[in-house]
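Chemist: My questions concern the predicted model and sequence given below.
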Protein chains: 2
Amino acid sequence: MGSGGKVKAAAGARGALLLALLAGLCALFRGCGAEDSAMENIVTEKKAEESHRQDSADLLIFIMLLTLTILTIWLFKHRRFRFLHETGLAMIYGLLVGVVLRYGIHVPRDINNVTMSCHVNSSPATLLVNVSGKFYEYTLKGEISANEINDVQDNEMLRKVTFDPEVFFNILLPPIIFHAGYSLKRRHFFRNMGSILAYAFVGTVVSCFIIGLLMYGCVTLMKQIGQLGGDFFFTDCLFFGAIVSATDPVTVLAIFNELQVDFDLYALLFGESVLNDAVAVVLSSSIVAYQPEGDNSHTFEAMALLKSFGIFLGVFSGSFALGVATGVVTALVTKFTKLRDFQLLETALFFLMSWSTFLLAEACGFTGVVAVLFCGITQAHYTFNNLSPESQDRTKQLFELLNFLAENFIFSYMGLTLFTFQNHVFNPIFIVGAFLAIFLGRAANIYPLSFLLNLGRRNKISSNFQHMMMFAGLRGAMTFALSIRDTATYARQMMFSTTLLVVFFTVWVCGGGTTQMLSCQHIRVGVDTDQDSSIVLDGTERRSTKQESAWLFRIWYNFDHNYLKPILTHSGPPLTATLPACCGPLARCLTSPQAYENEGQLKDDDSDLILNDGDINLTYGDITVSTDATGVRTSGQPVGGVNFDEALDRELAFGDHELVIRGTRLVLPMDDSEPPLPRNPHHLRQL
Amino acid sequence: MGSGGKVKAAAGARGALLLALLAGLCALFRGCGAEDSAMENIVTEKKAEESHRQDSADLLIFIMLLTLTILTIWLFKHRRFRFLHETGLAMIYGLLVGVVLRYGIHVPRDINNVTMSCHVNSSPATLLVNVSGKFYEYTLKGEISANEINDVQDNEMLRKVTFDPEVFFNILLPPIIFHAGYSLKRRHFFRNMGSILAYAFVGTVVSCFIIGLLMYGCVTLMKQIGQLGGDFFFTDCLFFGAIVSATDPVTVLAIFNELQVDFDLYALLFGESVLNDAVAVVLSSSIVAYQPEGDNSHTFEAMALLKSFGIFLGVFSGSFALGVATGVVTALVTKFTKLRDFQLLETALFFLMSWSTFLLAEACGFTGVVAVLFCGITQAHYTFNNLSPESQDRTKQLFELLNFLAENFIFSYMGLTLFTFQNHVFNPIFIVGAFLAIFLGRAANIYPLSFLLNLGRRNKISSNFQHMMMFAGLRGAMTFALSIRDTATYARQMMFSTTLLVVFFTVWVCGGGTTQMLSCQHIRVGVDTDQDSSIVLDGTERRSTKQESAWLFRIWYNFDHNYLKPILTHSGPPLTATLPACCGPLARCLTSPQAYENEGQLKDDDSDLILNDGDINLTYGDITVSTDATGVRTSGQPVGGVNFDEALDRELAFGDHELVIRGTRLVLPMDDSEPPLPRNPHHLRQL
């Protein structure tokens, strides 16, 4: 929103401003008024109370809807019914309620609410109205098109259930996106980072422009055969391309998890979907910001394009930096205080700091959602290691719950809005064109990029993986939130209606067909993490891993291992060993006592493996023993960054998840806050 | 609010109505406007964006404030500094920020926001304004008193941080109250139930009327010496009495917990404070509803009094019934589905059902806060037993976190509002009178009632306990929320200002002096739960316990044990054994398979003790063995309700917390979701 998104609304009421995220909750309780508005009008009071009751009842319907969804999901999971995911189900229930609200309920016209006209010569944010000597304060809500004036009352019921689109962006999306970042499977993510970045950045931009161009052709056609009822500019087409380029394969990934599909495929899909959400948000706001000098000309202009590009880069990097910065601050705070002794405080701090990222980004004019994503990743990579085991559990569970509730809420609202939204523009040509464009856009993203990436990858992305990625290009919460954000113009309304259909189709058809597609593409399922690890333990596989990780990644890894991890967490080699001698005092000050202890031990928290500190005798398997020894010796060397290839290799091989040495189980895994695998949840408890 | 509370506000914006609890969050993001308001005004857009940024920044200040509070609390806890509780600290930080906002920041007058007047002859909720052919929709916010009209802009900054009082009631209080109910230490609560109910109901009403009468005297005095600047009726005095009768000894209880003060004293204080919140809410709304026939006459009238009394009973029992009903429904759902296999679903369901209690009560015109309290108690008593261990942890931690955040938020807002609230009326006479009245009111509650209760109690409430209870009558979140809810009249403004001072004084002075008071009153600290239990194991003590539990409680206990627990949970005797034979099929249908299994075992979930199902050999201590045998034999008898005295006795003796038999530790305790004791947090994990 800060990022140039079209805020189409009025300045709004003044009373409950600060703290309004909380204060705002009260919008439910229409009793909005500052303390100083001494209104004794009993009629108004009764009306407000009535309205409050009505709101509670309406919200109750939604809570019941979610409860029903939960129970049905349980039934489906219980019966191992995989054709309909919870999000698809939430949509169906939403649809049903939408039908009932639209056709089943008729609200009697409330004469108390009749509006009246008043002629003034401008539209200020606040209006004082003099009613027989008493002054009432009014706040601007928005413009009403002339033909809707008589309609205002009739639509009351439907407007009630059509709620502020900014809610999605500012309340429901952040926990979803944060959870995605926080639960990123880091091992597989880093192993495939190059490919993921390519899909997310290049792929999304390609997809956006392909879809934009195709839609522009479609729109031109419509204009020529007289099917277009309003303006539809090229920028609108590009905007549409941007919003439908945000994939959300939550349904597919849930099934992947359940069936334990190949982890690289999982990582590619998950990583791409997480990052391309961020790209799509910033991209769409940059497109909106494209404004050639001559107002409303919507023509091509190099300067404006350059400006848009600048906005894209600025907003993206700014949000990235902010997200990482708050993550780093949280890591430092949790490292240098003994907050871990008080889990409640620790969890609360973690929650507040993560939330503040969002606010900070919005306050600075960046994109909160993007900042929150990178904050989540940073928290998972650094802060998580500093938390007490209880807080690790707590924070994961908290965000898991928030994510679950927000996601199901959005999807059930999607179903609802198909019937309750009042400005739908369904245009068959546009819809068919959009489906085609989306298909082609996804294809133009996946296949050429995979071909190019395979040139550099040792561990090729096979063609059945490519088909699966193509198929898994579902559209979900982000696409919906972006499209409902602004439905003021004809073009946007048509986009919104079409987007809804795209989401429905992809979630139900592609989501429901995942199992069939997997078996049809002969993608192996039931891959065990342990097995996966032990395969990589193989000599040849290790080499390929090494090959795959590019020089850029190696530099980053060494920097992370030598400097960031030791500074931000208790793990890694002591800074006194890695920093140049001149920084001695600083290094001593930043290094935690544990780091020195670690030095003498076969302990490498860096790869998110915690060796048991107890008195067990460490005997390594024949393959790993040398690697480990090397790694430790390396970290003991004065100036780092040279011989860490082996350590990196080892991290890539073992990752942060599970390490099982044949025979003895020596290493207790840190849980990687990944989506629930059918593992023993009591693992962590033993730590 | 539904309960007749004075909703002094306008009907508010219509766009984001349903779902508004979520939708409302967007009040932060002033982008409030329905989809159909196609406003293209770029100035307005810029203004909205600017306002959104400002709101984010303002909220950020608050988040930072909370973060700072958390860090300082940690420091205090770390250094075992007990004179200042986190709530007191939050208030201090709030005060500091309030001072800065009030005196440090000057907002330049924003010419874009200048308001204008428009003369119409009524004040509708929605106003359409015709601005050169375009229609804008305005919504009523409230009345502005004539002398404030020129002030509107100047106060903008301070009004920004003064947010809707209904937020406290509808967003912040419910989690606090629910948590109180959910974490009620049931064993000690039930053991002292009679006394607690007496303090909560009789005591609160007595305190309310004493304070009301004293304040009326004070107000009459003020009127005579010309110190009163507005109306102040007797009902206002009673209202004041009701709101300051809600005690909130959170500070004291935190110290009790830390020092392990006598559990009976803890139970008395905690139970009283939890219940008297509910009583005070309903009482205050009943007083507001007291409206003699002749409008504004504020004279005594029997009918109106009777009506008020009826409202009190109706609202209280209605809220009670609703809260219990949702709790029961949740218990049934969790019992009869295998939801416990999916902890996320289970937790989400629990959360949604508990929230729906609040909405249901508000929608029905009852008091959501009260309903939520009894829902919490029911969930703890029944549903908790049906949850999987993970969900038990999760739900407790979730509500603990929400409680913590909400509480600290309220207290820091309290500090803030001392400087930012703009209609303070500090009257020295009223303030002195109020402090005196509150002291006397508390004394008139505690001492006479304790005397009367001691007549019936074997386990007397000693005089040092009485002094401690007197001293621990802090006022907190509930008092504040009730007093800020309506600050429209002069009387209410004076009450609000005075209430703030009362809260500050009690939290800082009484809260800070708890440790001194404890040692001064020679109240034993460091009481171990185990030790406490084993004392009660003594023969004489057991007798006293028996004596203490009144016949009413015994009837309830038997009913609960024989019918409710078996119906709602997996524990207790099978219904086939306790219900009359004619209900055979129903009983078979309702009894869970586990209940039959339980029958043959020495297992009594009823007392919230889980015997280890493993293969350990059960050997009981010399005292308990007979009791246990009796208990089990009793539950095996066909028609219950006769010989359960022993079982009850045993429950009262062992309670639901810890049971340690000398020598062997046989019984693994279920955590009783009580405030954190310095116990091993890994206890539960072993289950």
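Modeler: Nice, I can see it. Numbers count the residues shown, from 1 in each chain, chains lettered A, B, ... in the order given.

Chemist: Now do the contacts for residue A:287.
Modeler: For residue A:287, the contacting residues are A:235, A:238, A:239, A:242, A:308, by CB atoms under 8 Å, 6 or more residues apart in numbering or on different chains. Bear in mind the C-beta positions are built from the backbone N, C-alpha and C, glycine included.

Chemist: and with 6 Å instead?
Modeler: A:235, A:238, A:239, A:242 (CB atoms under 6 Å, 6 or more residues apart in numbering or on different chains).

Chemist: any weak-confidence spans in the stretch 401-550 of chain A?
Modeler: Across the stretch 401-550 of chain A, the ranges flagged by pLDDT under 70 are A:528-550.

Chemist: quick one: contacts of stretch A:463-475?
Modeler: With CB under 6 Å, 6+ apart as the criterion, stretch A:463-475 contacts A:244, A:247-249, A:252, A:265, A:269, A:442, A:446, A:450, A:502-503, A:506-507, A:510-511, A:517, A:521, A:523.

Chemist: scratch that, stretch A:73-86 is what I was asking about
Modeler: Taking CB under 6 Å, 6+ apart as the rule, stretch A:73-86 contacts A:251, A:254, A:255, A:511, A:512, A:515, B:339, B:345.

Chemist: quick check, the fourth one in a strand?
Modeler: Right, residue A:511. No - assigned with DSSP: H, G, I helix; E, B strand; the rest coil, residue A:511 falls outside any strand and is helix.

Chemist: What sits closest to it if chain neighbours are left out?
Modeler: residue A:251 (3.4 Å; CB to CB, 6 or more residues apart in numbering or on different chains).

Chemist: The one you found: helix or strand, and which one exactly?
Modeler: helix A:250-259 (DSSP states H and E).

Chemist: how is chain A carved up into domains?
Modeler: A:177-292+A:303-412+A:425-453+A:462-509, A:550-597 (the TED database).

Chemist: do you know which of the ones you listed lies nearest residue B:321?
Modeler: domain A:177-292+A:303-412+A:425-453+A:462-509 (27.3 Å; CB to CB).

Chemist: Out of the contacts of residue A:287, flag the one nearest to chain B.
Modeler: Of all those, the one sitting nearest chain B is residue A:235; the distance, using CB to the nearest CB, is 14.9 Å.

Chemist: Need the residues that contact the strand or helix carrying that closest one.
Modeler: Using DSSP H and E, residue A:235 maps to helix A:234-243. Residues outside helix A:234-243 that contact it (CB under 6 Å, 6+ apart): A:208, A:211-212, A:215-216, A:280, A:283-284, A:287, A:290, A:298, A:479, A:482-483, A:491, A:495.

Chemist: repeat for stretch A:430-447
Modeler: With CB under 6 Å, 6+ apart, stretch A:430-447 has contacts from A:203, A:206-207, A:210-211, A:214-215, A:218, A:244, A:466, A:469-470, A:473, A:494, A:498.

Chemist: Farthest-apart pair in these, please.
Modeler: A:466 and A:494 (31.8 Å).

Chemist: circling back: looking at the contacts of stretch A:73-86, state which has the most neighbours.
Modeler: Most neighbours among these, by other CB atoms under 10 Å in any protein chain shown: residue B:339, with 27 neighbours.

Chemist: Please name the nearest non-neighbouring residue to it.
Modeler: Nearest non-adjacent residue to residue B:339 (CB to CB, 6+ apart): residue B:346, at 4.8 Å.

Chemist: looking at this, the one you found is in a helix?
Modeler: Yes - the assignment for residue B:346 (three-state DSSP) places it in a helix.

Chemist: Make sure it is actually in contact with residue B:389.
Modeler: No - using CB atoms under 6 Å, residue B:346 makes no contact with residue B:389, being 11.0 Å away.

Chemist: Which one's more surrounded, these two?
Modeler: Taking neighbours as other CB under 10 Å, residue B:346 and residue B:389 compare with residue B:346 leading, 27 against 17.

Chemist: Is any residue of stretch A:349-369 near chain B?
Modeler: Yes - using CB under 6 Å from any CB of the partner chain, stretch A:349-369 reaches chain B at A:349, A:352, A:356, A:359, A:362, A:363.

Chemist: pLDDT weak spots in chain A?
Modeler: A:1-45, A:47, A:105-163, A:185, A:291-300, A:528-552, A:581, A:592-687.

Chemist: for it, what spans make up the strands?
Modeler: A:116-120, A:126-131, A:134-144, A:609-611, A:667-669 (DSSP state E).

Chemist: Can you give me the separation between residue A:317 and residue A:282?
Modeler: To residue A:282, residue A:317 is 10 Å away according to CB to CB, to the nearest Å.

Chemist: same check, this time on residue A:226
Modeler: 36 Å.

Chemist: who's more crowded, those two?
Modeler: Legend: neighbour count by other CB under 10 Å for residue A:226 and residue A:282, higher for residue A:282 (28 against 7).

Chemist: Contact partners for that one?
Modeler: Taking CB under 6 Å, 6+ apart as the test, what residue A:282 contacts is A:312, A:315, A:316, A:367.

Chemist: What number of residues are in the vicinity of residue A:421?
Modeler: Counted with other CB under 10 Å, residue A:421 comes out at 22.

Chemist: Quick check: phi and psi at it.
Modeler: Main-chain torsions, residue A:421, degrees, to the nearest 10: phi -70, psi 140.

Chemist: What separation is there between it and chain B?
Modeler: 7 Å (CB to the nearest CB, to the nearest Å).

Chemist: now swap in residue A:500 and tell me
Modeler: From residue A:500 over to chain B (counting by CB to the nearest CB), the distance is 13 Å.

Chemist: Excluding chain neighbours, what is closest to that residue?
Modeler: Leaving out its chain neighbours, residue A:500 is closest to residue A:418 (CB to CB, 6+ apart), at 5.6 Å.

Chemist: Just give the number of residues close to the one you found.
Modeler: 19.

Chemist: go on, residue A:223?
Modeler: 12.

Chemist: Does residue A:56 touch residue B:359 like I think?
Modeler: Yes - Residue A:56 lies in contact with residue B:359 (CB under 6 Å); the separation is 4.6 Å.

Chemist: Contact residues of the stretch 451-600 of chain A facing chain B?
Modeler: A:487, A:488.

Chemist: those helices in the stretch 351-500 of chain A, which residues are they?
Modeler: With DSSP state H, counting those that start in this stretch as the criterion, the stretch 351-500 of chain A has helices at A:368-378, A:384-386, A:389-420, A:428-456, A:463-471, A:477-484, A:490-505.

Chemist: Which stretch among these is buried most, on average?
Modeler: For those, the largest average neighbour count (mean count of other CB atoms under 10 Å in any protein chain shown) is found in helix A:368-378, namely a mean of 29.

Chemist: hey, C-alpha coordinates of it in PDB?
Modeler: Extracted C-alpha coordinates of helix A:368-378, given in PDB (Å, rounded to 0.1, in the frame of the first residue of the first chain):
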ATOM      1  CA  GLY A 368       5.000  -4.600   4.500                       C
ATOM      2  CA  VAL A 369       4.100  -8.000   3.100                       C
ATOM      3  CA  VAL A 370       7.500  -8.300   1.400                       C
ATOM      4  CA  ALA A 371       9.300  -7.100   4.500                       C
ATOM      5  CA  VAL A 372       7.500  -9.600   6.600                       C
ATOM      6  CA  LEU A 373       8.600 -12.400   4.200                       C
ATOM      7  CA  PHE A 374      12.300 -11.600   4.500                       C
ATOM      8  CA  CYS A 375      11.900 -11.000   8.200                       C
ATOM      9  CA  GLY A 376      10.400 -14.500   8.500                       C
ATOM     10  CA  ILE A 377      13.400 -16.000   6.600                       C
ATOM     11  CA  THR A 378      15.900 -14.200   8.800                       C
END
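
Chemist: elements contacting that helix?
Modeler: On a contact count with 3 or more CB pairs under 6 Å, 6 or more residues apart in numbering or on different chains; DSSP states H and E, helix A:368-378 meets helix A:173-182, helix A:263-289, helix A:302-336, helix A:343-364.

Chemist: List the contacts of it.
Modeler: Contacts of helix A:368-378 (CB under 6 Å, 6+ apart): A:173-174, A:177-178, A:181-182, A:184, A:278, A:281, A:319-320, A:322-324, A:326-327, A:354, A:357-358, A:361-362.
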